[in-house]
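K.L.:
only the shape, not the letters, is given here:
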């Protein structure tokens, strides 16, 4: 069974631009979560989608948004990029959500550099 | 908001040693995860615990719900175990996203 895939793997953008990252979960997984990892803050939860609905959202500004499609694939968008948005963005999929989420399977991540 | 503390932050040990990494959290949880991250970024889920103890190969994870504490043990450590080990918890009755510890950077020297 194929693992979680993320595209693109590397991205360089300029301040003020916007970016869209994509995540394809493991087949049969309906929950997709997004995380940001930086050297200073470590791993932080961005948001989680289940069956095309945002289940919860971390403490990030409204510039960060996402969506999930009917095939469970998910995208996240960051508008008006800032230098501090440079990070590794990871997505993870699982079969369920909430208290019964179970194990999460992580993708390889997209490394975003904002210049 | 749940606070997750890991110790030690850095650990260097010799091959074959028994390794213990600790994780404490401040608020009741529905599940605790132990994750492994190798250089380059890939994260692998090692364990998900809500009570008791789990074992997989040379790895053992335990959790004490009353004390809000979990430990990850590695027996007969090997240089390939060198990685960052991250503890993460899900609280809010499962409605919240994961909250992560800062990670423990483990180096096993041959």
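P.N.:
Arrived safely. All figures in this text were calculated on a predicted structure; none of them were measured in a lab.
K.L.:
ok, residue B:25 - how many residues close by?
P.N.:
Neighbours of residue B:25 under the rule other CB atoms under 10 Å in any protein chain shown: 22. C-beta coordinates here come from the backbone N, C-alpha and C atoms, glycine included.
K.L.:
residues of chain B that sit close to chain A?
P.N.:
By CB under 8 Å from any CB of the partner chain, the residues of chain B that approach chain A are B:30-31, B:33, B:35, B:41-45, B:48, B:86, B:88, B:90, B:93-103.
K.L.:
got the residues of chain A near chain B?
P.N.:
A:33, A:35, A:37, A:42-48, A:55-58, A:88, A:90, A:92, A:98-106, A:108-109, A:111.
K.L.:
just the buried residues from these, in ChimeraX please.
P.N.:
Filtering the residues of chain A next to chain B down to the buried ones (16 or more other CB atoms under 10 Å in any protein chain shown) takes a single ChimeraX command:
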select /A:33,35,37,42,43,44,45,46,47,48,55,56,57,58,88,90,92,98,99,101,102,104,105,106,108,109,111
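K.L.:
quick one: low-confidence ranges for chain A?
P.N.:
A:1, A:97-101 (pLDDT under 70).
K.L.:
go on, chain B?
P.N.:
For chain B, applying pLDDT under 70 flags the ranges B:92-95.
K.L.:
returning to what we had before: just the buried subset of the residues of chain B next to chain A, please.
P.N.:
By 16+ other CB under 10 Å, those give B:30-31, B:33, B:35, B:41, B:43, B:45, B:48, B:86, B:88, B:90, B:94, B:96-103 as buried.
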